[in-house]
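A.B. asks: Kindly return the folded structure for what I paste below:
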Amino acid sequence: HTSVFIQKIITITEWGQPPHHYKHVSSSFDIPVYNYFGYIQAWHHAFLFQNIEGRHSWFFCFDKTFNAKQTIPYWFMDWWTFYGPNQDILPPSVEQAIYTFANNTEDNPFCLTMTSFFIHYKLSWIMYWDYTIEEAPRTLPTLHKQSWTKWWNKY
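C.D. replies: Predicted coordinates:
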């Protein structure tokens, strides 16, 4: 897997200009500018490429510098549903900790409890995906992306 330490998620307010206005990329790229919508798309598409190991697996963690009180943009919740962990992978002790966390913290209607929990405690997970082929009688096979997450307790 390739490690991804999330240091910040830029909100539209922090963007500091209208979202359709472009900013210049500090490194040389084929397209040297991007706007806020491109920034969001990068979050959604960057991890669909093979990583440097030729795999589709990613180790995610909120970096120690990530501000747990920062506003989480609503689009990130959409990202989380695909790339973030689901409750099925959690050990019982962590599920109990989330329950305790939820009952002792202020509810944020724009951020899932589990997302807040992972941000607050800087927990990590592995997300991986692969192609699957679905075959049904008398139809053409279809290619799908299927993703999985794994609990990571070694960090």
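
A.B. asks: And the pLDDT for the most far-flung residue of the chain relative to its centre?
C.D. replies: Residue farthest from the centre of the chain, counting by C-alpha atoms, centre = their mean, is Arg138 at 37.4 Å. On pLDDT, Arg138 comes in at 90.

A.B. asks: now swap in Ile98 and tell me
C.D. replies: pLDDT for Ile98: 93.

A.B. asks: Likewise for Thr113?
C.D. replies: For Thr113, pLDDT reads 91.

A.B. asks: Tell me how many other residues crowd the closest residue to it other than its chain neighbours.
C.D. replies: Distances taken as C-beta to C-beta, 6 or more residues apart in numbering place Ala102 nearest to Thr113, at 4.7 Å, with adjacent residues excluded. The C-beta positions use only the backbone N, C-alpha and C, and glycine is treated the same way. Here the number of neighbours of Ala102 (other C-beta atoms under 10 Å) works out to 13.

A.B. asks: For Ala102, identify the helix or strand it belongs to.
C.D. replies: Here Ala102 sits within helix 92-104, counting by DSSP states H and E.

A.B. asks: where are the low-confidence patches of this protein?
C.D. replies: 28-29, 51, 54, 154-155 (pLDDT under 70).

A.B. asks: if we go to 80?
C.D. replies: Low-confidence segments of the chain (pLDDT under 80): 1, 25-32, 50-55, 107-110, 152-155.

A.B. asks: all strands of it, in order?
C.D. replies: 2-6, 23-24, 33-34, 57-62, 124-134, 142-151 (DSSP state E).
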